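Asker: A predicted structure for the sequence below; I have some questions about it.
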Amino acid sequence: MIDISKAIESVCESVSKGIDYRLRLDLDHSGKPSYQISPINPLPESVKIFWASDLLPEPSKAILHSGNILLRHKIGSRDVYDQAWKLAEEHGDFDAVFINEQGFVTEGGRSSIFIRSGDCWLTPPVKAGLLPGVMRSIILNDPKWNAHEANLTIEDVRSAKEIMLSNALRCHIPAHF
């Protein structure tokens, strides 16, 4: 049996101190671990985001079906998400945001989206067709954020005074279009 904790400790001891890293740990069918480690580039104070439909070569792929149960899981076949955030990154920006077949905002290719509405934060509901991310759940369950789920339109997001993205790697990230 492989001790996963020792494998992680060994990897962490091998990197330069004072630099933030991303560690991805995968287990194969027999439980054997493999990992990828890479430095995390610092972000500006506020990151720029796009609509996925403005970046993808086939804009129709930016419209996701809310009934697709796989959107609620972190699976290996998230190609359209990866393509969208990588295209955003090629433009010097952070992420691209998707919508569903009903016209509601869902999520970014690598982040959840929140908008400020009065004294609370709103984020699309899981039923809109999105990954119920770890940091998204933390924000929703922490009373200091006063965060709630709500269907958001493109106009809601465009006219928001504040936009915040979240993911488990970066926590919460101020954003703008």
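Answerer: Good, I have the coordinates. From a predicted model like this one, the values you see are computed outputs, not experimental measurements.
Asker: who's Ile99 bridged to?
Answerer: Counting by DSSP bridges, Ile99 is bridged to Ile63, Val105.
Asker: does Ser34 touch Asp26 like I think?
Answerer: Yes. Taking contacts as C-beta atoms under 8 Å, Ser34 lies within contact range of Asp26: 5.2 Å. The way it works is simple: take the backbone N, C-alpha and C, and place the C-beta from them, glycine included.
Asker: which helix is the longest one in the protein?
Answerer: helix 79-90 (DSSP state H).
Asker: could I get the average pLDDT for it?
Answerer: Per-residue pLDDT over helix 79-90 has a mean of 89.
Asker: may I see the buried residues of that helix?
Answerer: Buried residues in helix 79-90, counted by 16 or more other C-beta atoms under 10 Å: Val80, Tyr81, Gln83, Ala84, Trp85, Leu87, Ala88.
Asker: for the closest residue to Ser111 other than its chain neighbours, which three-state class applies?
Answerer: Closest residue to Ser111 apart from its sequence neighbours, by C-beta to C-beta, 6 or more residues apart in numbering: Leu165 at 3.9 Å. Assigned by DSSP: H, G, I helix; E, B strand; the rest coil, the conformation of Leu165 is strand.
Asker: Gly108 versus Leu165, what's the distance?
Answerer: Separation of Leu165 from Gly108 (C-beta to C-beta, to the nearest Å): 6 Å.
Asker: shared neighbours, these two?
Answerer: Ile49, Asp95 (C-beta atoms under 8 Å, 6 or more residues apart in numbering).
Asker: kind regards, and thank you for your time.
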